[in-house]
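Engineer: sharing a model that was predicted from the sequence below.
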Amino acid sequence: MTKYFWKYLILVILLTGIDPVATQAADAPVQVFQEVLFLIENYHIEDPAMEKIMDGAIKGMVETLDPFSEYLSPEEYQEMQVEFEGHFGGIGIVITPDLTIVSPIKGTPGERAGLKPGDQIIAINGESSEEMTQKQAVDIMRGEPGTSVVLTIKRETEEKPFEVHIIRALIEIPYVEWEMKNDRIGYIFIAQFVQNVGAKVERALTELSANGAEGIILDLRNNPGGLLDEAISVASNFIARGMVVAVKQKSGKDSTYNVLPSIKSTRLPLVVLINQGSASASEIVAGAIQDYHRGKLVGMKTFGKGTVQSVIPLSDGSALRLTTAKYYTPSDRFIHEMGIEPDIKIEYDPDYEGDNQLERAIEYLKSARQSESSPVLEHQRAS
């Protein structure tokens with residue numbers, strides 16, 4: 001019995017609570033795994049790198065679960081933490097494990113190059129990405145600012161794949177930005193739900209209100225999501241009371257997350273901008289606002305990610321990013337792989353000199369302000 005097998009089995013026990021004796025007796029696949037590991041270690045013509053084999057076995061095991069669960073090596077786990085610090089050299093895109101672009105990050109080379117949500121990366125620097133892991137692809141795309149990378153993109157609306165040449169830059173993510181637009185309308189953009197985003201939105205609302213804002217636009221376009229707690233915090237800035245989201249686990253243990261009483265919500269008329277790149281925590285906020293009729297969603301249908309991932313640190317510095325729950329909006333909607341439909345559908349026009357979706361949001365707020373009965377003055381319970 002190898003020490004590597006027991007390391008693997010202990011991991012399974014810690015995560016599942018399964019009795020090792022019962023597992024060994026009843027679980028035939030585990031027994032086969034043990035047999036294969038024994039044969040490799042003792043009979044392969046070369047001395048195998050067992051640590052590498054175990055990492056590969058764990059990765060393969062996790063990758064069979066769903067597109068969002070993954071095993072993170074110590075280096076990958078550390079890299080993920082660096083990303084949440086908000087600066088690195090690269091092109092500024094968020095991708096899934098199958099190398100589909102979830103969204104380009106605003107103001108980065110990826111956005112300026114015209115990459116779109118749903119684009120499939122089929123080659124990097126001329127090398128096919130078919131056998132690349134997400135980590136390998138990210139490592140190639142990142143690099144020193146000023147250097148270049150070439151992506152081959154497959155897009156549904158294009159007949160043939162095409163190449164995109166991108167110059168890397170220092171990616172510093174402005175997670176929350178705000179400004180006053182014309183006609184006394186405040187605009188808040190959230191790039192991703194990282195730590196303290198909710199507090200920054202609260203600060204933005206305070207400043208915008210003090211400057212005379214009579215309506216708010218919350219821009220969640222191309223926001224891939226992030227921390228659940230921050231989604232609750234952001235939603236609490238706009239919803240006065242009630243549940244923001246319900247999280248349901250396999251064990252049957254359900255959790256509900258209500259608005260935070262410590263945050264005083266604004267009552268200003270609200271529009272939320274969404275598109276195909278709005279995912280996860282963005283959809284939690286947008287779904288709650290729509291269910292409570294707190295504001296209008298303008299743009300295109302969201303990405304459709306209705307699952308929750310927990311990052312579980314492991315003993316050697318690695319981590320397991322595991323899908324552990326599903327989330328439901330206040331009206332009990334499960335939006336996974338379906339997305340959230342906007343109240344006002346409008347496609348983004350890349351040939352237009354301005355931002356036609358943003359302009360439509362401004363138009364709506366102006367007309368709502370002129371109406372005798374604003375649709376957002378009362379917080380309604382979701383049904």
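Structural biologist: Looks like it arrived, so ask away. Numbers count the residues shown, from 1 in each chain.
Engineer: where exactly do the helices run in this structure?
Structural biologist: 3-16, 20-26, 28-43, 50-63, 74-83, 109-112, 134-141, 197-210, 228-236, 281-291, 356-370 (DSSP state H).
Engineer: Pro29 - how many residues pack around it?
Structural biologist: 7 (other CB atoms under 10 Å). Any C-beta I mention is one placed from the backbone N, CA and C, and that applies to glycine too.
Engineer: again but with Asp183, I slipped
Structural biologist: Asp183: 12 surrounding residues under other CB under 10 Å.
Engineer: one step back: save the helices of the chain as JSON lines, and put in mean pLDDT and distance to Val308 too.
Structural biologist: Below are the helices of the chain laid out as JSON lines (pLDDT from 0 to 100; distance: least, CB to CB, whole Å):
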{"stretch": "helix 3-16", "mean pLDDT": "48", "distance to Val308": "16"}
{"stretch": "helix 20-26", "mean pLDDT": "51", "distance to Val308": "27"}
{"stretch": "helix 28-43", "mean pLDDT": "87", "distance to Val308": "27"}
{"stretch": "helix 50-63", "mean pLDDT": "90", "distance to Val308": "16"}
{"stretch": "helix 74-83", "mean pLDDT": "79", "distance to Val308": "16"}
{"stretch": "helix 109-112", "mean pLDDT": "95", "distance to Val308": "26"}
{"stretch": "helix 134-141", "mean pLDDT": "91", "distance to Val308": "19"}
{"stretch": "helix 197-210", "mean pLDDT": "97", "distance to Val308": "17"}
{"stretch": "helix 228-236", "mean pLDDT": "97", "distance to Val308": "7"}
{"stretch": "helix 281-291", "mean pLDDT": "98", "distance to Val308": "10"}
{"stretch": "helix 356-370", "mean pLDDT": "92", "distance to Val308": "28"}
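Engineer: contacts for stretch 307-314?
Structural biologist: Contacts of stretch 307-314 with the rest of the structure, by CB atoms under 8 Å, 6 or more residues apart in numbering, involve 11, 15, 66, 68-69, 72, 77, 80, 228, 247, 319-327, 336.
Engineer: just the buried members of these?
Structural biologist: Buried members of the contacts of stretch 307-314, scored by 16 or more other CB atoms under 10 Å, are 11, 69, 72, 77, 228, 247, 319-323, 325-327.
Engineer: would you mark the buried spots in stretch 337-356?
Structural biologist: For stretch 337-356, burial by neighbour count (16+ other CB under 10 Å) applies to 339-340, 342-343, 346, 348.
Engineer: give me the distance between Glu363 and Leu297.
Structural biologist: Taking CB to CB, to the nearest Å as the measure, Glu363 falls 15 Å from Leu297.
Engineer: the two - which one has more neighbours?
Structural biologist: Taking other CB under 10 Å, Glu363 and Leu297 do not tie; Leu297 has more neighbours (26 against 14).
Engineer: and the more buried one, what's its pLDDT?
Structural biologist: pLDDT, Leu297: 98.
Engineer: do I have it right that it meets Asn275?
Structural biologist: No: counting by CB atoms under 8 Å, Leu297 stays clear of Asn275, with 10.4 Å between them.
Engineer: hmm, back to that, nearest to Ala199, out of the buried residues of stretch 337-356: which one, please.
Structural biologist: Distances from Ala199 to the buried residues of stretch 337-356, taken as CB to CB, are shortest for Ile340 (25.2 Å).
Engineer: can you count the residues close to the nearest residue to that closest one once chain neighbours are set aside?
Structural biologist: Of all residues not flanking Ile340 in the chain, Thr302 sits nearest, at 4.5 Å (CB to CB, 6 or more residues apart in numbering). Look at Thr302: counted by other CB under 10 Å, it has 28 neighbours.
Engineer: same thing with the one 3 residues further on?
Structural biologist: With neighbours defined by other CB under 10 Å, the count for Lys305 comes to 25.
Engineer: partner residues bridging Leu297?
Structural biologist: Leu297 has these beta-bridge partners by DSSP bridges: Val272.
Engineer: sorry, wrong one. I was asking about Thr256.
Structural biologist: Beta-bridge partners, per DSSP bridges, of Thr256: Ala246.
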